[in-house]
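K.L.:
Based on what follows, work out the 3D shape:
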Amino acid sequence: MQILTYRYILLSMLIFILMLSSVQGSLPPIQHLAFNTPIELKTLDGGYYQHKIERNHPQSQPISSPYLTIRTINDGFGLTIVVENIGEQNASNITVEVTVTGGLSTRLPDHIYTYDNLVPGDSLPVLILPKGVGLGIFTDSPILSVLLSADATKTRGKTIHFRHIGHFVRKIGEYWNSDEIFQGYTLYSPMISPYTFLINNSGTILHSWESSYKPALSVYLLEDGSILRTALSGFNPRFWGGGLGGMVQRFDWNNTLLWSFRYTDSNHCLHHDIEPLPNGNVLMISWEYRSAAEAIANGRDPNGLGMGELWPDHIIEVMPTGSTTGEIVWEWHLWDHLIQDLDPSKQNYGVVADHPELVDINEGAWVLADWTHCNSIDYNPKLDQILISVLRFNEIWIIDHSTTTEEAAGHTGGLYGHGGDLLYRWGNPQVYQRGSAMDQQLFQQHDAEWIPQGYPGEGNIIVFNNGRGRPEGDYSTVDELQPPLIENGSYYLTSGEAYGPDGLVWQYIADDPFDLYAINLAGAQRLPNGNTIICDGPHGFFFEVTEKNEIVWEYVNPEPSLFNNHVFRVTKYPPDYPGLQQLFS
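P.N.:
Numbers count the residues shown, from 1 in each chain. Below is the predicted model:
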């Protein structure tokens with residue numbers, strides 16, 4: 001009976017591992033990119049679409065010598081390491097050396113694998129079959145190190161963190177054995193979990209915080225070691241949908257709740273993102289309710305009110321005043337900056353193309369009340385400007401923060417003289433009638449942010465372009481653009497034309513563009529060494545790429561489970577960031 005019980009438990013564990021390994025199959029096989037410009041992508045109708053990239057960063061150069069790299073590492077039955085020669089000469093006398101540490105009883109039958117030759121462009125699979133058990137329960141999870149060598153050949157090795165029972169393996173993280181990785185600490189909050197985690201490059205959880213609420217959806221580590229996070233406060237009588245929140249919380253390093261601010265009722269509700277300001281205040285995105293009668297009076301087509309109401313976005317700046325209170329010290333409402341060319345008898349009537357600083361009330365979502373769906377907010381302290389990602393318009397917008405609340409409701413005033421009107425917009429000029437579908441460059445994007453001063457690309461904007469609805473097919477990219485900033489902080493615009501730029505400064509795109517597709521959430525952050533950390537949100541997959549688009553670090557979020565590990569965004573902090581001091585003390 002004991003033997004049967006043991007076999008049943010072992011069989012159950014093996015099935016569990018197999019189920020976990022099937023999740024990896026759903027992850028996009030992101031691969032290295034030999035970046036050339038321009039590229040042509042085949043469209044769905046059989047034509048070709050030329051993708052323009054205007055690179056200001058160094059481009060990848062052909063590798064004249066042999067260059068062995070690890071193309072992919074696949075789990076499941078063992079670990080299959082795919083070694084590829086991406087150089088221009090043959091690699092000979094190849095050695096693949098693997099070592100393992102950690103695990104309860106993990107061991108390898110072989111440590112050295114040798115091969116005679118590998119021609120340019122070819123690859124070879126190396127199957128590693130570990131023995132024993134390593135689940136990371138009673139001991140650390142096993143760590144596999146892979147080193148490559150060959151005659152007169154440049155090589156790159158990798159380290160893999162995994163769990164296994166016998167030959168059945170599940171990867172939980174991997175990174176290059178290279179100084180190209182940015183040495184930092186990554187903060188994230190899984191969407192279906194009340195926890196926030198801080199991990200190192202090995203994927204080890206160094207610190208965590210716990211709330212009574214799931215995120216909604218962003219989190220930030222502040223300089224005093226506390227975290228500022230959005231929270232899903234519960235049921236709202238009117239508002240629902242992706243990013244629903246209603247609450248902002250601040251926890252100190254020891255998980256003590258310092259501040260909890262609610263902004264949710266039948267007239268408004270916080271959602272998606274917040275932005276901590278240098279003065280200690282917090283910018284927050286919120287929906288607000290507008291009835292069908294209000295919308296029609298302001299020029300909305302009655303046929304575009306599928307839910308019988310609209311939820312335009314507004315931004316509030318909140319100054320914390322107590323443990324559960326805050327004062328709204330500044331606000332901006334999209335509703336104050338509308339235009340329409342449908343009905344001259346209604347408010348906001350005008351020529352849309354003549355007013356790119358205003359927003360056409362008949363663009364954006366047509367059926368859903370969540371008409372604009374702003375999903376990220378960023379602040380530029382040098383310019384005193386706010387950057388917003390507006391998903392339903394496939395655009396990013398910039399507005400002036402130097403205004404008073406009264407000026408923000410009008411069209412004059414503030415440092416730039418335009419009140420709360422848009423200072424800049426980019427991504428989809430057809431929504432202000434200065435372009436066509438062929439000019440659209442953003443497709444349901446997320447996480448638009450300025451690249452900070454002192455970082456490669458400083459002052460540029462980086463955005464995760466989800467790619468849903470691209471004319472050539474759905475795939476995701478990370479795009480970096482240089483806005484046409486004038487010395488006085490305004491943005492150049494030729495009369496009658498769309499805002500530039502026409503092309504990009506830099507872009508991350510997978511070898512096969514369709515291998516990376518984050519349908520509904522994601523993010524990207526430029527790092528101090530020029531690398532970019534990317535979050536493929538639906539798959540809970542984080543990876544870091546160099547300026548030349550080589551992947552140097554990968555991690556799959558295992559929380560709360562590998563079947564439900566979505567993550568809205570990740571942020572990586574350098575070791576000297578003040579908020580990390582308690583980690584090292």
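K.L.:
What are the buried residues along stretch 106-119?
P.N.:
Residues of stretch 106-119 classed as buried by neighbour count (16 or more other C-beta atoms under 10 Å): T106, Y113, L118. Yep, even glycine has a C-beta here, placed from its N, CA and C like the rest.
K.L.:
wait, what's in contact with the first one?
P.N.:
It refers to T106. Counting by C-beta atoms under 8 Å, 6 or more residues apart in numbering, T106 touches V100, P130, K131, G132, V133, G134, P142, H164.
K.L.:
ok, the helix or strand hosting the last one: who's next to it in the sheet?
P.N.:
It refers to H164. In the assignment (DSSP states H and E), H164 maps to strand 158-165. Based on DSSP bridges, the pairing partners of strand 158-165 within the sheet are strand 133-134 (antiparallel), strand 143-149 (antiparallel), strand 168-176 (antiparallel).
K.L.:
pLDDT of stretch 564-577, averaged?
P.N.:
Stretch 564-577 shows a mean pLDDT of 96.
K.L.:
Could you work out the end-to-end span of that stretch for me?
P.N.:
Its start and end residues considered, stretch 564-577 measures 31 Å (C-alpha to C-alpha, to the nearest Å).
K.L.:
List only buried entries from the contacts of T106.
P.N.:
By neighbour count, with 16+ other C-beta under 10 Å, the contacts of T106 hold V100, P130, V133, G134, P142, H164 as buried.
K.L.:
For the last one, give me the pLDDT.
P.N.:
So the one you mean is H164. 95.
K.L.:
partner residues bridging it?
P.N.:
Per DSSP bridges, the residues bridged to H164 are G134, V169.
K.L.:
wait, what's in contact with it?
P.N.:
I17, G103, T106, P130, G132, V133, G134, L135, P142, R170.
K.L.:
hmm, 7 Å instead?
P.N.:
H164 makes contacts with T106, P130, G134, P142, R170, as judged by C-beta atoms under 7 Å, 6 or more residues apart in numbering.
K.L.:
Test my guess that the last one contacts I160.
P.N.:
Spelled out, it's R170. No. Contact criterion C-beta atoms under 7 Å: R170 and I160 do not qualify, at 10.8 Å.
K.L.:
on that earlier part again, and the contacts of T106, which two are furthest apart?
P.N.:
V100 and V133 (12.6 Å; C-beta to C-beta).
K.L.:
so is Q582 in a helix, a strand, or just coil?
P.N.:
At Q582 the chain is in helix, as set by DSSP: H, G, I helix; E, B strand; the rest coil.
K.L.:
Please, where are all the strands along the stretch 201-350 of the chain?
P.N.:
Per DSSP state E, counting those that start in this stretch, the stretch 201-350 of the chain carries strands over the ranges 205-210, 219-221, 227-232, 246-251, 257-262, 268-276, 282-288, 290-291, 309-310, 313-320, 326-333, 338-339.
K.L.:
actually the stretch 1-150 of the chain, not the one I wrote
P.N.:
If DSSP E, counting those that start in this stretch is used as the criterion, the strands of the stretch 1-150 of the chain fall at 39-42, 48-51, 67-74, 76-77, 79-85, 91-101, 112-118, 123-128, 133-134, 143-149.
K.L.:
Out of these, which is closest to G304?
P.N.:
strand 48-51 (29.8 Å).
K.L.:
about what we covered before: what's the angle from the strand holding H164 to strand 91-101?
P.N.:
Using axes from the mean of the first three to the mean of the last three C-alpha atoms, to 10 degrees, the direction of strand 158-165 lies 50 degrees away from that of strand 91-101.
K.L.:
Now do strand 158-165 and strand 79-85, the angle between them.
P.N.:
Between the axes of strand 158-165 and strand 79-85, defined by the same axes, to 10 degrees, the angle is 160 degrees.
K.L.:
JSON lines for the strands of the stretch 201-350 of the chain, including distance to S149, mean neighbour count and mean pLDDT?
P.N.:
JSON lines is the format used below for the strands of the stretch 201-350 of the chain (distance: least, C-beta to C-beta, whole Å; neighbours: other C-beta atoms under 10 Å; pLDDT from 0 to 100):
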{"stretch": "strand 205-210", "distance to S149": "33", "mean neighbour count": "15", "mean pLDDT": "96"}
{"stretch": "strand 219-221", "distance to S149": "40", "mean neighbour count": "23", "mean pLDDT": "98"}
{"stretch": "strand 227-232", "distance to S149": "43", "mean neighbour count": "24", "mean pLDDT": "98"}
{"stretch": "strand 246-251", "distance to S149": "47", "mean neighbour count": "22", "mean pLDDT": "98"}
{"stretch": "strand 257-262", "distance to S149": "53", "mean neighbour count": "18", "mean pLDDT": "98"}
{"stretch": "strand 268-276", "distance to S149": "46", "mean neighbour count": "24", "mean pLDDT": "98"}
{"stretch": "strand 282-288", "distance to S149": "52", "mean neighbour count": "23", "mean pLDDT": "98"}
{"stretch": "strand 290-291", "distance to S149": "66", "mean neighbour count": "16", "mean pLDDT": "98"}
{"stretch": "strand 309-310", "distance to S149": "63", "mean neighbour count": "22", "mean pLDDT": "98"}
{"stretch": "strand 313-320", "distance to S149": "55", "mean neighbour count": "20", "mean pLDDT": "98"}
{"stretch": "strand 326-333", "distance to S149": "59", "mean neighbour count": "17", "mean pLDDT": "98"}
{"stretch": "strand 338-339", "distance to S149": "65", "mean neighbour count": "22", "mean pLDDT": "98"}
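K.L.:
now these in TSV, with distance to Y379?
P.N.:
TSV is the format used below for the strands of the stretch 201-350 of the chain (distance: least, C-beta to C-beta, whole Å):
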stretch	distance to Y379
strand 205-210	23
strand 219-221	12
strand 227-232	13
strand 246-251	15
strand 257-262	18
strand 268-276	5
strand 282-288	6
strand 290-291	26
strand 309-310	26
strand 313-320	10
strand 326-333	12
strand 338-339	24
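K.L.:
Compare the ones you listed and give me the one nearest G350.
P.N.:
Relative to G350, the nearest member of these by C-beta to C-beta is strand 338-339, separated by 5.1 Å.
K.L.:
Dump the contacts of T106 to JSON lines, plus distance to E84.
P.N.:
As requested, the contacts of T106 are exported to JSON lines (distance: C-beta to C-beta, whole Å):
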{"residue": "V100", "distance to E84": "23"}
{"residue": "P130", "distance to E84": "23"}
{"residue": "K131", "distance to E84": "27"}
{"residue": "G132", "distance to E84": "30"}
{"residue": "V133", "distance to E84": "31"}
{"residue": "G134", "distance to E84": "28"}
{"residue": "P142", "distance to E84": "25"}
{"residue": "H164", "distance to E84": "25"}
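K.L.:
The closest residue to N267 other than its chain neighbours: neighbour count?
P.N.:
Leaving aside its chain neighbours, N267 sits nearest to Y289 (4.9 Å; criterion: C-beta to C-beta, 6 or more residues apart in numbering). By the criterion of other C-beta atoms under 10 Å, Y289 has 17 neighbours.
K.L.:
ok, what's across the strand from the residue nearest the centre of the chain?
P.N.:
Note on the chain: the residue nearest the mean C-alpha position is G523, at 0.9 Å, using C-alpha atoms, centre = their mean. Note on G523: beta-bridge partners by DSSP bridges are C535.
K.L.:
okay, and for the chain, where does confidence drop off?
P.N.:
Scanning the chain for pLDDT under 70 picks out 1-64.
K.L.:
how about a cut-off of 50?
P.N.:
In the predicted model of the chain, residues 1, 3-5, 8-9, 12, 14-62 satisfy pLDDT under 50.
K.L.:
Do a quick rundown of the helices in it.
P.N.:
In the chain, the helices defined using DSSP state H lie at 2-24, 292-297, 405-408, 581-584.
K.L.:
gap between the third one and the chain center?
P.N.:
Same thing as helix 405-408. Chain-centre distance of helix 405-408: 32 Å, with C-alpha atoms, centre = their mean, to the nearest Å.
K.L.:
For that helix, buried residues please.
P.N.:
In terms of neighbour count (16+ other C-beta under 10 Å), helix 405-408 has its buried residues at E407, A408.
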